[in-house]
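Novice: sequence? don't have it. structure:
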């Protein structure tokens, strides 16, 4: 989600469960908290804090055509 969409969807200052991609390529669940920050006469900026979440659940990701694009193995 792009930062401008956080204001539109009202996701600022809320914790969301999302998926992140590690630099090695694996996908993992995480908590994401986004806050709007700005100084005097500054453009709108956002700060995000993420925390990896350990889970025993497995996930399957499908692409727009319905094909499996990635899965997690427990």
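Specialist: That came through, no problem. Everything numeric here is computed off the predicted structure, so don't read it as measured data.
Novice: which element follows the worst-scoring helix or strand of the chain on mean pLDDT toward the C-terminus?
Specialist: Least confident helix or strand, the chain: helix 3-9 with a mean of 55, by mean pLDDT, DSSP states H and E. Remark: after helix 3-9, the chain's next helix or strand is strand 15-21, criterion DSSP states H and E.
Novice: which outside residues touch whatever helix or strand comes next after that following strand?
Specialist: Going down the chain from strand 15-21, the next helix or strand is strand 27-37, by DSSP H and E. Strand 27-37 is touched from outside by 3, 6-7, 11-22, 44-53, 55, 57, 59, 61, 70, 72, with contacts defined as Cβ atoms under 8 Å, 6 or more residues apart in numbering. All C-beta spots, glycine's among them, are computed from the backbone N, C-alpha and C.
Novice: now strand 27-37: buried residues?
Specialist: Buried residues in strand 27-37, counted by 16 or more other Cβ atoms under 10 Å: 32, 34.
Novice: list the strands paired with it, with their directions.
Specialist: Note on strand 27-37: by DSSP bridges, its sheet partners are strand 15-21 (antiparallel), strand 45-52 (antiparallel).
Novice: mean confidence for the last one?
Specialist: When pLDDT is averaged over strand 45-52, the result is 82.
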